[in-house]
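J.: Got a predicted model here, sequence first, then my questions.
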Amino acid sequence: MAEIKEDFSMRKRTLTLSNLLLSLLGFLFLACFSVTLVLNLRCIYYFDIDYLDLEGQTGYSEELIRENYDALIDYNLLTKGIKELEFPDFPMSDEAETHFKEVKRIFVAVQILCVVTGVLLFIFLIRKLMRRDYGSLKLISVLTFLIPIGLGAYAFLNWDTFFVQFHELFFDNDYWLFNPITDPVILILPDEFFAHCAAAILIFLFLGGILCGGLHWLLTRKYRRERRAAKMQRYESEDDLE
């Protein structure tokens with residue numbers, strides 16, 4: 001009976017406003033961190049060069065493909081500080097240049113948000129854990145599973161629709177519809193590559209959710225053991241007094 005009351009009390013402490021807000025902050029950090037991590041993981045694209053046979057599909061050498069992809073990634077990295085995009089081997093239309101600037105703004109915002117939310121999450125989460133309030137970890141884990149599952153299922157079943165709607169949501173023009181004649185860079189950026197990046201982001205989100213859920217389980221288990229040990233000591237003290 002005592003354990004049931006304790007479980008109910010812990011569930012009640014979990015669904016507090018501060019825990020809900022902290023879980024949203026945690027999910028936002030994990031999402032931004034996953035996007036930033038995938039942006040930096042060039043090995044995904046290098047794998048796709050061979051897996052998608054980009055050399056055969058485009059007629060370009062692997063070295064040329066890598067150099068131009070690296071130029072694009074470096075342009076989007078906050079740490080590089082590159083203000084103007086220049087492809088070593090490809091021309092670029094005004095529309096494409098505008099689109100890449102818009103993409104850069106999004107990626108820079110995500111990287112800044114990753115740092116800001118990470119610092120805030122660390123500060124507030126440490127305060128919660130010191131008070132032995134582990135509810136936010138549980139809620140972060142739940143959000144990190146439920147939201148990606150919904151988006152992932154929709155993207156998997158309707159990738160073309162998802163891809164178009166994503167661009168319509170984040171861009172107010174159609175400059176992302178490249179003409180391969182004026183902007184041949186699009187030939188080395190197939191839709192399948194972006195699908196692989198989306199899958200990688202979801203995987204890292206799931207891993208973050210597993211980490212938070214596992215940490216919640218371990219800390220809660222330790223807390224319950226300490227509570228039981230304290231009760232046993234109290235009962236033993238009362239028996240000694242009698």
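T.: Great, that's in hand. Numbers count the residues shown, from 1 in each chain.
J.: residue contacts, V185?
T.: Taking Cβ atoms under 8 Å, 6 or more residues apart in numbering, we find V185 in contact with N68, L72, F87, F90, M92, A96, F178. All C-beta atoms are positioned from the backbone trio N, CA, C, and that covers glycine.
J.: switch the cut-off to 6 Å
T.: Contacts for V185 (Cβ atoms under 6 Å, 6 or more residues apart in numbering) come out as F90.
J.: how deep is the closest residue to V35 other than its chain neighbours tucked in, by neighbour count?
T.: Leaving aside its sequence neighbours, V35 sits nearest to V110 (Cβ to Cβ, 6 or more residues apart in numbering; 5.2 Å). V110 has 18 neighbours, counted by other Cβ atoms under 10 Å.
J.: Equivalent analysis for A96, please.
T.: A96: 21 neighbours (other Cβ under 10 Å).
J.: quick revisit: so the residue nearest to V35 is in which element?
T.: Assigned by DSSP states H and E, V110 belongs to helix 94-130.
J.: how about the CA coordinates for the helix or strand just after that helix, as PDB?
T.: Downstream of helix 94-130, the next assigned helix or strand under DSSP H and E is helix 135-157. Extracted C-alpha coordinates of helix 135-157, given in PDB (Å, rounded to 0.1, in the frame of the first residue of the first chain):
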ATOM      1  CA  GLY A 135       9.900  13.900 -13.600                       C
ATOM      2  CA  SER A 136      11.300  16.100 -16.300                       C
ATOM      3  CA  LEU A 137      13.600  13.300 -17.500                       C
ATOM      4  CA  LYS A 138      10.600  11.100 -17.900                       C
ATOM      5  CA  LEU A 139       8.600  13.700 -19.800                       C
ATOM      6  CA  ILE A 140      11.600  14.500 -22.100                       C
ATOM      7  CA  SER A 141      11.900  10.800 -22.900                       C
ATOM      8  CA  VAL A 142       8.200  10.600 -23.700                       C
ATOM      9  CA  LEU A 143       8.200  13.600 -26.000                       C
ATOM     10  CA  THR A 144      11.400  12.500 -27.700                       C
ATOM     11  CA  PHE A 145       9.600   9.200 -28.600                       C
ATOM     12  CA  LEU A 146       6.100  10.300 -29.500                       C
ATOM     13  CA  ILE A 147       6.800  13.400 -31.700                       C
ATOM     14  CA  PRO A 148       9.500  11.700 -33.900                       C
ATOM     15  CA  ILE A 149       7.400   8.600 -34.200                       C
ATOM     16  CA  GLY A 150       4.500  10.600 -35.600                       C
ATOM     17  CA  LEU A 151       6.700  12.700 -37.900                       C
ATOM     18  CA  GLY A 152       8.800   9.700 -38.900                       C
ATOM     19  CA  ALA A 153       5.800   7.500 -39.800                       C
ATOM     20  CA  TYR A 154       4.400  10.300 -41.900                       C
ATOM     21  CA  ALA A 155       7.700  11.000 -43.700                       C
ATOM     22  CA  PHE A 156       8.300   7.300 -44.300                       C
ATOM     23  CA  LEU A 157       4.800   6.700 -45.800                       C
END
